[in-house]
Structures are given as C-alpha cells and as structure tokens.
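Novice: When you get a sec, could you give me coordinates for this:
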Amino acid sequence: MASSKHVFENMAEESRRKGDWLGFLEIRRNIDHDRGVSALNELPLDVPQEEYRALVRQTWTWSHGIWENRAGWLDIFIGKRRDLGSFTSASDLKKLTQLPDPLVVYRGCCAHNQPGFSWTLDRQRAERFAAFTQEWTKAERRFIVSGTVPKARIIAYVTTRNEEEIVALPENIADQVQEDISHLEVMTEAMIKKLGKGTK
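Specialist: Below you'll find the model as predicted:
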C-alpha cells in the first residue's frame, strides 16, 4: 500500500502535468519541509508574471515558520531564478497608496530571529508575535524592533491575515531600534482564542 506522502507526490505530479499551479503548490506545501517554497522554484518560467506573483503571495500566506525557510524565500525575493518585483495584491495596493511614506514598521522577535522579512504596521500585533515566539522557542527574552522603510523598497503589503504585514528585506529597514519587552504582559493569539472559547 502506497504511503500517504507517495500519494501526495503523485497528486502533485498530476497537477503539474495539468498546469494547475495553485493545486500543485497546495499539495506540495503539505509534504515539503519548507511549506512549498522550493516548489515555487519548480514553476515553469513561462508562467505569466501576474500569475506567478499571485502564486508567491498565496504560498507566503500559507507559510508558517518563515524564519526557518528564509534562504528559500530570499532566493525568491532577490529573483535568483526569475524577477518577482512586488507581490502586493491590487486591493492591498490601493490601501498602500493611502499610507504615509516612509512606513513605520515593527517586528516582534527573540534574539535568534531578529533579522527577518516579516514586519507589521501594528505594534500590538508585533508584541503578540514576540510573545508567541518566546513561548514556542523557550527563549529568555523577547523584543520589538522598529524602523522605517520607503514604500518603494517593500516587497509586499499583505492584509489577508489581518496582520497589516509588510514584507521587506531587513537591510532595507532604516533607523532600526531594538526594545526589550520581556517585562510586558502580552496576550498571544492562542491565549486570545482560548479566552474567546471560554466566554461563549
């Protein structure tokens, strides 16, 4: 009897043959250790640019543990195989044009993952991410890193997860300031969900 992974691999190959690239990525994200990032680099170069950007955006939205897969994401962002540009959606681009320039951004982190691609316009959300990371990794301390970035230097603005997320290379974030917030009492997303369930 075929293993479940083998079944998924066959399904992914079928999607590849059909040119169903969203289906291909959705299957691969369930079996690849990097949540489908490497599969993006297997897409044919003749996939239209707008479709490619939409596929990158969807894979990013699916992804967790961006830090662990940062090398693969960096290859995508710097256009090692093909040019990406911005993968901001049309609807988010309209919102982005209404925001000030440069943007003030925040990153919630611990010492080991301070430089990263994922930032947010929402400081409170960054605080919760820092608390979650500390809880998950058992790190001693957690931090908020703040800075500014010109809109022309961001890779994407993503609102689909209600995170007011800014995707940018860390070297493009200027005036970075690190603040130790280990003393703050912060509710993580898991704690908020648990509290919500308890009050129903």
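Novice: quick one: contacts for the residue most central in space within the chain?
Specialist: Nearest residue to the geometric centre of the chain (Cα atoms, centre = their mean): residue 60, 4.8 Å. Residue 60 sits next to 73, 87, 156, 158, 167 when contact means Cβ atoms under 8 Å, 6 or more residues apart in numbering. For glycine as for every other residue, the C-beta is placed from the backbone atoms N, C-alpha and C.
Novice: For the helix or strand that the first one is a member of, buried residues please.
Specialist: In this structure, residue 73 is located in helix 70-77 according to DSSP states H and E. Residues 70, 72, 73, 76, 77 are the ones in helix 70-77 that count as buried (16 or more other Cβ atoms under 10 Å).
Novice: chain center to it, what's the gap?
Specialist: 11 Å (Cα atoms, centre = their mean, to the nearest Å).
Novice: Please enumerate residues in contact with that helix?
Specialist: In this structure, residues lying in contact with helix 70-77 by Cβ under 8 Å, 6+ apart are 34, 37-38, 40-41, 56, 60, 66, 81, 84, 116-117, 155, 169.
Novice: Can you pick out the most distant pair from the residues you listed?
Specialist: Within the contacts of helix 70-77, 81 and 116 form the most distant pair, 21.8 Å apart (Cβ to Cβ).
Novice: who has more neighbours, those two?
Specialist: Set residue 81 next to residue 116 and count neighbours by other Cβ atoms under 10 Å: residue 116 wins out with 19 against 13.
Novice: need the strands for the protein, in chain order.
Specialist: With strands called from DSSP state E, the chain shows them at 103-109, 118-120, 143-149, 156-158, 165-167, 174-180.
Novice: Output these in JSON lines; the columns should cover mean neighbour count and mean pLDDT.
Specialist: JSON lines is the format used below for those (neighbours: other Cβ atoms under 10 Å; pLDDT from 0 to 100):
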{"stretch": "strand 103-109", "mean neighbour count": "23", "mean pLDDT": "97"}
{"stretch": "strand 118-120", "mean neighbour count": "23", "mean pLDDT": "96"}
{"stretch": "strand 143-149", "mean neighbour count": "19", "mean pLDDT": "97"}
{"stretch": "strand 156-158", "mean neighbour count": "22", "mean pLDDT": "97"}
{"stretch": "strand 165-167", "mean neighbour count": "23", "mean pLDDT": "97"}
{"stretch": "strand 174-180", "mean neighbour count": "12", "mean pLDDT": "96"}
